[in-house]
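Student: got a sequence here, can you build the structure:
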Amino acid sequence: MKNTFGQNIAVTIYGESHGESIGVVLDGMTAGIPVDREYINAQLALRRPSGKISTSRQEQDEFRIVSGVFEGRTTGTPICIVIPNTQTRSKDYSATRALARPSHADYTANCKYHGFEDYRGGGHFSGRITAGLVAGGAIALTALRGKGIQIGTHIARCGAVKDREFQDISKDIDSLKSRNFAVLDESAEIEMKQKIESVAKEGDSVGGVLETAVIGMPAGVGEPWFDTIEGILSHALFSIPAIKGVQFGNAFDMVDLMGSQYNDSFRMDGDKIVTATNHNGGINGGITNGMPLLFQCAVKPTPSIYKEQETVNFFTKENATLQIQGRHDPAIIHRARVVVDSMTALVLCDILSGRFGTDWLYSER
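Tutor: Model (predicted):
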């Protein structure tokens, strides 16, 4: 199992849902980036469960930075962040060890690792592992902010409930920073939470769509053919549990239009080259064009539901039924938003370091 991503700034994640700890190692981050522990805490809080719309497993995520940071700044050496697991209930999973939970990795992990995988709570495949990405992503987000690059993600759709689209992207990103439930329209939050609570009462779950915007990216970043911006971002985003689709710009929404309707016309805005529309999401030929990066991620309904489901016992090779017990989320989209922000930041730091050199991320403050 390979757990490292990135060429210039490499991200390694480790741990299991019910193991002693989880964490992240960042290798290659330039020296001198401020590390604000309160900001890391705040980012981790956005990923934690919240009320009736989340699992009852409450981890405090009291992280420790054990290397790579000195006197509040990165040192340029590998940064290791450890997050203990304190609220495990492994007995919830022992009785159903051989039953493949539908849409989970139980069966495929058993095939790949010959039965030696840690199955408790999904083990290394659990969304719990994303806490390390969020902790490391907070450092990457800080580095990007120092270069004028901002990232924001909102819940574009949850079930059949829609949020409004990005309008003034800079202001919208600022507004999302203060929102635990990431929507741009407050009325959408009420409806979405009602939808999540409704399906939770039925023992079911719901998914949705996250939309991300990145502003401040310079033009000319991306390496065709095989290391395009879309290619590398998609590679990383698909590693986040529950993400089953990624589109850039208005890709799938615009396939029935003519080229004359879809093309983004170029024009001058003072001394800056811009496009009149942004259907391509700020990317041409796999390379940034200086417009905001825009992409969406489809988040599937949480697979752990309380309804009885058909499955198989992969030890005895017999058909079976399964009714899951334990603590599970009726929706994870509101918690996944900060994971997408963090993963995007880590990927962009890696790509920008490859384009301009690692020290480009450092800026005097």
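Student: show me the contacts for residue 119.
Tutor: 93, 97, 106, 109-110 (C-beta atoms under 8 Å, 6 or more residues apart in numbering). Placement of C-beta: from N, CA and C, glycine included.
Student: what about the helices in the protein?
Tutor: Assigned helices in the chain, in chain order: 37-47, 91-94, 106-113, 130-145, 169-177, 186-201, 229-237, 259-262, 333-356 (criterion: DSSP state H).
Student: quick one, which of the contacts of residue 119 has the minimum pLDDT?
Tutor: Across these, the bottom pLDDT score, 70, is held by residue 93.
Student: how much space separates the closest residue to that one other than its chain neighbours from residue 101?
Tutor: Beyond its immediate neighbours in the sequence, the residue positioned closest to residue 93 (C-beta to C-beta, 6 or more residues apart in numbering) is residue 120, lying 5.0 Å away. Distance check for residue 120 against residue 101: by C-beta to C-beta, to the nearest Å, it reads 12 Å.
Student: next: residue 32.
Tutor: Applying C-beta to C-beta, one obtains 45 Å for the distance of residue 32 from residue 101.
Student: quick one: neighbours of residue 136, just the number.
Tutor: Residue neighbour count, defined by other C-beta atoms under 10 Å, stands at 29 for residue 136.
Student: tell me the spacing between it and residue 260.
Tutor: With the distance defined as C-beta to C-beta, residue 136 ends up 44 Å from residue 260.
Student: what is the neighbour count of residue 107?
Tutor: Other residues close to residue 107 by other C-beta under 10 Å number 16.
Student: residue 338 too?
Tutor: Neighbours of residue 338 using other C-beta under 10 Å come to 26.
Student: retrieve the pLDDT associated with the closest residue to it other than its chain neighbours.
Tutor: Excluding its sequence neighbours, the residue lying closest to residue 338 (C-beta to C-beta, 6+ apart) is residue 46, at 4.0 Å. Predicted confidence (pLDDT) for residue 46: 94.
Student: residue 46: neighbour count?
Tutor: Residue 46: 21 neighbours (other C-beta under 10 Å).
Student: let me see the contact set for it.
Tutor: By C-beta under 8 Å, 6+ apart, the contact list for residue 46 reads 134, 180, 335, 337-338.
Student: how many residues are close by residue 337?
Tutor: Residue 337 is surrounded by 27 other residues when neighbours are defined as other C-beta under 10 Å.
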